[in-house]
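Peer 1: Sequence and predicted model, in that order:
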Amino acid sequence: MFEVDEQMTDITYVDISPNEVNNHPFCPHGPTLLFSRHTKKGDRKYYACSACRNRKLCNFFHWADEKYSSARKQIWHCERKKFIGDKSHQELYDSLHTLKSLISKNQVIYCHTCNKFLKNGDGGEHADHNVNVNISLHQIMHPTEMLKPLECDKREAQYLFSRASVKALINIALHNNINSVICIGAPRIHEYIKTTQVDIRSILLDLDKRYHMFYGPEDFCWFNSFNFHFFLGHSSEQSFMNFLRNDKKHLLILDPPFGGRLEPLAHTLKNIQALYKKLHPCSKNDLPVILIYPYFLEQHVVTCLPTFNMIDYKITYDNHPLFSQGAKARKLGSPVRIFTNICPEKVILPFDEGYKFCEICAYWVSPENKHCDFCNKCTSKNGSTYVHCKKCQKCVKPTWKHCGKCKRCCLEPHTCASIAPSLHCYHCGEKGHKKEDCKLISQDDRNILVVNISNNSYKRKGGKCEADNKKRKVGKRQLK
Ligand SMILES: C[S@@+](CC[C@H](N)C(=O)[O-])C[C@H]1O[C@@H](n2cnc3c(N)ncnc32)[C@H](O)[C@@H]1O
Ligand SMILES: [Zn+2]
Ligand SMILES: [Zn+2]
Ligand SMILES: [Zn+2]
Ligand SMILES: [Zn+2]
Ligand SMILES: [Zn+2]
Ligand SMILES: [Zn+2]
């Protein structure tokens, strides 16, 4: 069992080659990831779950320098079997579709407590459960409207795109003649494609196993994007391969929980790119990918995915007050952006929302983004109009002022500090501060993000999680 060590100072993810992960011990969520714990006594590596960022949700833990006994292996093998269950994808799909004729007679119930469809009259043992009666055809066609979103930031972090963002993403796809979309952690995009006349095929890959009931084996794979793991094994992986093999113009859309590490997701994207190249040896280009991520992690994204550019579009969500447009919303609009390997010129943004094409930069930008003649580009990143500092020779946020003593622009109010050259920022790449103090992350966004010590990861503030409510030995650290 993992014991929290008071000496613990920091934990980092240990990057390994994409295929090596399959040699790691398995938890119910597939191969575990390797982390390193830095203590005053030195570094020590361990394996932990890739999908759950809280040990209350999956408590797999194993020191890498200790023997992984066959007894432990057997215990986790049994845990995994229990987690996967004994029903096939087809059986789960049929559990809803055999009831279809009863839907028009208003005789179908859904139990959210048991995640099960039932016939009227079979609800006895679910009397105290959270149930919906009179399930309609519209509801079963729109599972993201019917199911309760799993908002646990330490696992699914299910935040659903607003209608405007779904449309913006679909329009980008259509403009690029895409007719086949791989939705990883993007159930709303999948649902939109499946329920509208749009001429696009779609497959959903997601950690949420409830989708087995709504989509058949050709349309949904129960999948962990942090370790490229198909829970139902070979047959499920083959469905995905068959989808990718098709001679269509594919696009991959990925909206992961920001609480997870980006490096393993980048490995998953590399695995898929390799499969794509193998299945389409004549294709000169990479598989087009859209990754949804916050603007202030841009440096980190382009380090992990060097062919990606950040696009100005502000992604909004229905069930996340900070990332939407309501009263509680961030003043400068959502900090969540599109990152893509599609040529920025071809990523058209909705002009009815004020987005415009900058003729000089030759890409679409947001309404407040003004072209800077000194930098010769549209420089705004965070949703405000940047101003040019001639001394720094770059554009900065309007809340920053140039400090003659520090010889750089700093967020006001500012106290001059001697720069510690040994410190290095993981986000902006500059010396003198750590990522926790990076000024590229505004106060607003620092309030949104909380560093989770357990996996040295980030989370969206506001997500409910059973494990969050319980008293934790490891405290949360607010970004200063
Ligand atoms: C931030 S939400 C994105 C939903 C998207 N905005 C939409 O409306 O379609 C994250 C999604 O990724 C899924 N997810 C979370 N962890 C995952 C994992 N390890 N592997 C695959 N999917 C995961 C969640 O179930 C959820 O659907
Ligand atoms: Zn796990
Ligand atoms: Zn029930
Ligand atoms: Zn410009
Ligand atoms: Zn400038
Ligand atoms: Zn300056
Ligand atoms: Zn100063």
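Peer 2: That came through fine. Ligands and ions are numbered 1, 2, ... in the order given.
Peer 1: Show me which residues of stretch 352-364 are buried.
Peer 2: The neighbour-count check on stretch 352-364 (16 or more other CB atoms under 10 Å) flags Y355, C361, Y363, W364 as buried. Yep, even glycine has a C-beta here, placed from its N, CA and C like the rest.
Peer 1: pLDDT of that stretch, averaged?
Peer 2: Mean per-residue pLDDT for stretch 352-364: 97.
Peer 1: cool, and stretch 300-319?
Peer 2: Average pLDDT, stretch 300-319: 96.
Peer 1: For that stretch, what is the distance to the chain centroid?
Peer 2: Taking CA atoms, centre = their mean, to the nearest Å, one finds the center of stretch 300-319 at 11 Å from the center of the full chain.
Peer 1: Same question for stretch 330-340.
Peer 2: Centre to centre, stretch against its chain (CA atoms, centre = their mean), the figure for stretch 330-340 is 14 Å.
Peer 1: and it, how far apart are its ends?
Peer 2: For stretch 330-340, the first-to-last residue distance is 24 Å (CA to CA, to the nearest Å).
Peer 1: Within its local environment, how many residues does the closest residue to ligand 1 within the stretch 51-200 of the chain see?
Peer 2: At 2.6 Å from ligand 1, G185 is the closest residue in the stretch 51-200 of the chain, using CB to the nearest ligand atom. Neighbours of G185 under the rule other CB atoms under 10 Å: 22.
Peer 1: Surely it touches N224?
Peer 2: No: at 10.2 Å, G185 does not count as touching N224 under the criterion of CB atoms under 8 Å.
Peer 1: With distance to F35 and secondary structure as extra columns, can I get the buried residues of stretch 352-364 in TSV?
Peer 2: Below are these laid out as TSV (distance: CB to CB, whole Å; DSSP: H, G, I helix; E, B strand; the rest coil):
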residue	distance to F35	secondary structure
Y355	40	coil
C361	40	coil
Y363	38	strand
W364	39	strand
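Peer 1: So, low pLDDT: which residues of the stretch 101-250 of the chain?
Peer 2: Within the stretch 101-250 of the chain, no stretch falls below the threshold (pLDDT under 70).
Peer 1: how near is the residue in it that ligand 2 sits nearest to to Q299?
Peer 2: The nearest approach of the stretch 101-250 of the chain to ligand 2 comes at N224, 8.7 Å away (CB to the ion). According to CB to CB, to the nearest Å, N224 stands 26 Å off from Q299.
Peer 1: Likewise for I189?
Peer 2: Taken as CB to CB, the span from I189 to Q299 is 27 Å.
Peer 1: Among these two, which residue is more densely surrounded?
Peer 2: Remark: of I189 and Q299, I189 carries more neighbours, 27 against 18, as counted by other CB under 10 Å.
Peer 1: nearest spatial neighbour of that one, skipping sequence neighbours?
Peer 2: Nearest in space to I189, with sequence neighbours left out and distances taken as CB to CB, 6 or more residues apart in numbering, is C183 at 4.7 Å.
Peer 1: so what's the one you found bridging to?
Peer 2: In this structure, C183 bridges to L204, I253 when assessed by DSSP bridges.
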